[in-house]
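K.L.:
Pasting a predicted model and its sequence here:
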Amino acid sequence: MARKKTTAAMGQIRIIGGRWRGRKLPVLDADGLRPTTDRLKETVFNWLQFKLADVQVLDIFAGTGSLGIEALSRGAAHVIFFEQEPASAQQLTTNLATLQAENISQVHPGNALTLLAQASVQQACNLVFIDPPFHKNLANQAIELLAKHNWLAENALVYLETEVNAAIQLPSHWNLQKEKIMGQSSARLYLTS
């Protein structure tokens, strides 16, 4: 009789720039976990390259934490990570400890939409990453909750990664700055006003 696998398979993410450039961190290979590819991540951080110093960041559907960790590596002051999968949240916490970034980051395990609705933000965020699992219509709900619960600082940047052709409803005061389609992913950067 075959034995059931008791440990999750591991993959890795690579930090592509900043103080931890080249570091590789282990991540769980979990169903639905879809880290942003290095190529797309490089594009996004080229868009953001002069806008990361000392910003407050919110990584809503953190998964591996790839986007938030990259922001920390490139000078963000603080990153809040929301991750629903307990094992992924624990791995993210471990990776942040490995980088000695516990004092500049917080991992909140739980449903991102519930956390957005309940949590009270002490300092509004200058940059928000919205990269939800595809085909679950989570982006629109997250966008609505961001505005409703005052998560965004004035003139905040919002990075949105969805499946191509996703029906997204945006507030009228979000202005598209950059857009790129790579494979199955549509990446957009907005400036709020």
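P.N.:
Now that the structure is in, tell me what you want to look at.
K.L.:
CA atoms for contacts and neighbours, from now on please.
P.N.:
Noted.
K.L.:
what's the helix or strand bottoming out on mean pLDDT in the chain in contact with?
P.N.:
Of all helical and strand segments in the chain, the minimum by mean pLDDT, DSSP states H and E falls on strand 10-14, at a mean of 89. With contact meaning Cα atoms under 8 Å, 6 or more residues apart in numbering, strand 10-14 is reached by 21-29, 35, 38, 64, 66.
K.L.:
elements contacting the very next helix or strand once past it?
P.N.:
Using DSSP states H and E, the next helix or strand after strand 10-14 towards the C-terminus is strand 24-28. Using 3 or more Cα pairs under 8 Å, 6 or more residues apart in numbering; DSSP states H and E, the elements in contact with strand 24-28 are strand 10-14, helix 86-98.
K.L.:
in strand 24-28, what's buried?
P.N.:
Judged by neighbour count using 16 or more other Cα atoms under 10 Å, the buried positions of strand 24-28 are 25-28.
K.L.:
Now do stretch 89-98, average pLDDT.
P.N.:
Here stretch 89-98 scores 96 as its mean pLDDT.
K.L.:
Same check on stretch 23-38?
P.N.:
Here the average pLDDT along stretch 23-38 is 79.
K.L.:
my guess is Glu179 is in a strand, correct?
P.N.:
Yes - using DSSP: H, G, I helix; E, B strand; the rest coil, the assignment for Glu179 is a strand.
K.L.:
Excluding covalently adjacent residues, which one is nearest to it?
P.N.:
Nearest residue to Glu179, sequence neighbours excluded (Cα to Cα, 6 or more residues apart in numbering): Arg188, at 4.4 Å.
K.L.:
quick one: the residue nearest to Gln169 when sequence neighbours are not counted and Leu170, what's the gap?
P.N.:
Counting by Cα to Cα, 6+ apart, Gln169 lies nearest to Asn140, which is 6.1 Å off, once chain neighbours are set aside. Distance, Asn140 to Leu170, by Cα to Cα, to the nearest Å: 8 Å.
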